[in-house]
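Engineer: Return a 3D structure for these sequence lines:
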Amino acid sequence: MGATTATLYKDLDTFWCKEYLFNDTLHGHQYTLDEVASSVCPNLNETAKSIIKQFNTIEVFNKPIVAVCGLMNSGKSTLTASFLDKTSRPRVNIGDVSAAGTHRFVLWAPYSWRQYRHQLFGRLEGIFSTVPELLSENPDLAAAQYNARSEHLDKLNIPLVAFDKELDSIGFAILDCPDIQRSYTINTEPSNGRTSELRALMLEKASHLCSAFIVVASLEQQESKDLKDIFSRISSISVSLPIYYILSKSNSNIDESLLEANSALSTIGVLKSISAVFVSPRIHSANTRGYIDEIEYINTKNEYSITETLSSLDKTELYERFKEDTKTKLIDVFNDISICIDNHIRSNREVADYGRGEILKALNNKLVSESGQRIAINPHLLAQLQDSMLRTGPFYARIFRYPHSALEHLKSKFSKVNLESKIDHITTQSIVDFLDGKKGINLSKEDLTLSIEKALTIYNNYLKSEESYEVNRADLDDITTAMWKERLSKRKIIKEKAPLLVTSSLMLIGTLSILFFPAIAIGGKAVFMAASMPEIFAVLGISAFSSLASTKALQSFVSENIGSQQVSDLFACLQDSLGIPRSFDTGELDLVIIPKDGLPVSNLPFVDFENRSILNEPIVTPKINFEDSFIDKIR
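Structural biologist: Numbers count the residues shown, from 1 in each chain. The predicted model follows:
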């Protein structure tokens, strides 16, 4: 039978609500399937959890149902009543007259099933194609329901259901069946065709929920053709189910009765189809519905009673159908949920890709000029460049130190000039203006401005730090040496006085100071400077350095060693601020700021800005193939 539904419930509940199957690729959180599905498709998620709970519910149905069949007046209902609690027995219609006959299918179920009556009735309706009816607690009304004659003939195909506490103890349910070979008339008129055909059809439907059949016959009925027909019909509709035979109203000598039963069953050719033969002593009832003595049914081999035999059946059709149907329902809902989650993840990935592309285009727009890629101002890199110029320059450059106050004055002067010059400055507004309204940037302008402002502030703070952007000293010295050599080799330098050379070299150092001047605040908005080497030299009026081939080498060196990393770090800050999981895969984007071998990965720590993301929450990726894991669980 596989795992019980109680086990399935525990496994599926853990899988759904307790296992972390998803990673939050932005915040670093982990999510359960329940958390993701409740956000992405809440109604489907509630349906799924409701179905999972049903696995725990239907465990109560893990008991076999045994159909009791037989000929008219064979003792079928007497047998049924013998399994019930004494308080239930008066509701079983028993007697030899027609009015006491059983003409409807009556399911006597364990009392524990009563609380799940809705599920039970739904399953029975699916099998019999009619809504079941509860058996009355009143014995007289119950007898009328059992009999279904006269004006109740239209109810022959409507099964009855009753619940009994004793059946919980013995561990199985009983389907009390009418004698299928009988046909009768009402008021001397045929009763809507042969009623035996209707009961035979109902018996065939009932076989889909039963775990075994019991055929009951009296001593006088054992060799009848009708009994053989019953065995033949049952065998044809339920090849795999066990059939037990009970000889009722037998002689008091059990051994003789067993011999007689086996001989009779052999005579009519059905002995091989029977799993076990039982006999019962002759039963006497005080009245039609009544006061039945306790009965012990004895196995042919005298090993187990009929009760022990039936309770040990491992094929519980109703339960298995409940389980398989519940599995099917859950799989269907899970598939819908899986599609919703996949669409959610795919949509977020598309939006994130669009958003990253627009961020890079915005940076490319601000950091690229005709003379090359602009570099963000950085005091730490300034010190490296200044030291290199002093180390590799002529002696008067090495012995002359530019006064600190003058350098600060030059910085201040240049900052004012820069805002009106060709050297660009990057502001919150300039980035917002570029991104606002772009595909994938689905934030209001107010939220977008707040996000960009925070991103630039974080990046500016990093620019000021001592750890930012280290270059290889030897490589830098090689370039600055070449710059000095090329500059001093120009013919007109011979006509210039040494002080002019000193001034020019110091202006170059001052230029480098300004180039990496820390970000300033203008109007409360974050601003930082960005310029290429030739732009710096041109603005300061020393364009002679701008045209040097070695200056272009310096431009390439700084762009490759610093510029790409600056772009990557600023890109990371902007992704964080817009709620996009970091990725430095630029795909097929062809931009100046993207090196041929792609952007380097930023090592700046992630900052959770706690703003609304441009993506739909939750921003997740599966840790495992949760679809395959689910199928493994439910199997």
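Engineer: can I have the helix or strand hosting residue 197 written out in PDB, keeping just the CAs?
Structural biologist: Using DSSP states H and E, residue 197 sits in helix 195-206. Once non-C-alpha atoms are left out, helix 195-206 reads as follows in PDB (Å, rounded to 0.1, in the frame of the first residue of the first chain):
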ATOM      1  CA  THR A 195     -35.100  -4.900  -9.700                       C
ATOM      2  CA  SER A 196     -32.500  -7.600  -9.700                       C
ATOM      3  CA  GLU A 197     -30.700  -5.900 -12.600                       C
ATOM      4  CA  LEU A 198     -30.500  -2.600 -10.600                       C
ATOM      5  CA  ARG A 199     -29.200  -4.400  -7.500                       C
ATOM      6  CA  ALA A 200     -26.600  -6.300  -9.600                       C
ATOM      7  CA  LEU A 201     -25.400  -3.000 -11.100                       C
ATOM      8  CA  MET A 202     -25.200  -1.500  -7.600                       C
ATOM      9  CA  LEU A 203     -23.200  -4.500  -6.500                       C
ATOM     10  CA  GLU A 204     -20.700  -4.000  -9.300                       C
ATOM     11  CA  LYS A 205     -20.300  -0.300  -8.300                       C
ATOM     12  CA  ALA A 206     -19.900  -1.400  -4.700                       C
END
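Engineer: for that helix, packing partners?
Structural biologist: Based on contacts counted as 3 or more CB pairs under 8 Å, 6 or more residues apart in numbering; DSSP states H and E, the elements that helix 195-206 packs against are strand 65-70, helix 117-128, helix 225-237. Just so you know, the C-beta spots here come from the backbone N, C-alpha and C atoms, and that holds for glycine as well.
Engineer: I'd like these as JSON lines, with mean neighbour count and mean pLDDT appended.
Structural biologist: Compiled in JSON lines, the helices and strands packed on helix 195-206 are given as follows (neighbours: other CB atoms under 10 Å; pLDDT from 0 to 100):
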{"stretch": "strand 65-70", "mean neighbour count": "25", "mean pLDDT": "91"}
{"stretch": "helix 117-128", "mean neighbour count": "17", "mean pLDDT": "89"}
{"stretch": "helix 225-237", "mean neighbour count": "17", "mean pLDDT": "85"}
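Engineer: And the ones you listed: which comes nearest residue 464?
Structural biologist: Smallest distance to residue 464 across the helices and strands packed on helix 195-206 (CB to CB): 68.5 Å, for helix 117-128.
Engineer: Please enumerate residues in contact with that closest one?
Structural biologist: With CB atoms under 8 Å, 6 or more residues apart in numbering as the test, helix 117-128 has contacts from 54, 57-58, 61, 105, 107, 109, 113, 131-132, 157-159, 161, 202, 205-206, 208-209, 318, 321-322, 325.
Engineer: ok, residues contacting the helix or strand following that helix?
Structural biologist: Later in the chain than helix 117-128, the nearest helix or strand by DSSP H and E is strand 133-134. Contacts made with strand 133-134 from outside it, assessed by CB under 8 Å, 6+ apart, are listed as 145, 155, 158, 159, 160, 161, 162.
Engineer: one more time with 6 Å
Structural biologist: For strand 133-134, the surrounding residues in contact (CB atoms under 6 Å, 6 or more residues apart in numbering) are 158, 160, 161.
Engineer: neighbours around residue 560, how many?
Structural biologist: The criterion is other CB atoms under 10 Å. On that basis, residue 560 has 12 neighbouring residues.
Engineer: Could you measure from it over to residue 596?
Structural biologist: Separation of residue 560 from residue 596 (CB to CB, to the nearest Å) stands at 10 Å.
Engineer: Equivalent analysis for residue 393, please.
Structural biologist: When CB to CB is the yardstick, residue 393 and residue 596 sit 33 Å from each other.
Engineer: how big is the angle separating the biggest helix by length in the chain from strand 65-70?
Structural biologist: Counting residues, the longest helix in the chain under DSSP state H turns out to be helix 317-367. Using axes from the mean of the first three to the mean of the last three CA atoms, to 10 degrees, the inter-axis angle of helix 317-367 relative to strand 65-70 is 150 degrees.
Engineer: and the next element down the chain from helix 317-367?
Structural biologist: For helix 317-367, the following helix or strand on the C-terminal side (DSSP H and E) is strand 368-369.
Engineer: Confidence-wise, which helix or strand of the chain is lowest on average?
Structural biologist: Of the helices and strands making up the chain, the lowest-confidence element is strand 520-522, at a mean of 36, by mean pLDDT, DSSP states H and E.
Engineer: re the thing from before, between residue 393 and residue 596, which one's more packed in?
Structural biologist: A direct count of neighbours by other CB under 10 Å for residue 393 and residue 596 places residue 393 higher, at 23 against 4.
Engineer: Hmm, that one is touching residue 482, no?
Structural biologist: No. Under the criterion of CB atoms under 6 Å, residue 393 lies out of contact with residue 482, with a separation of 12.0 Å.
Engineer: circling back to that earlier point, of all the helices and strands packed on helix 195-206, which one is nearest residue 615?
Structural biologist: Go through those one by one with CB to CB and the one that ends up closest to residue 615 is helix 117-128, at 41.2 Å.
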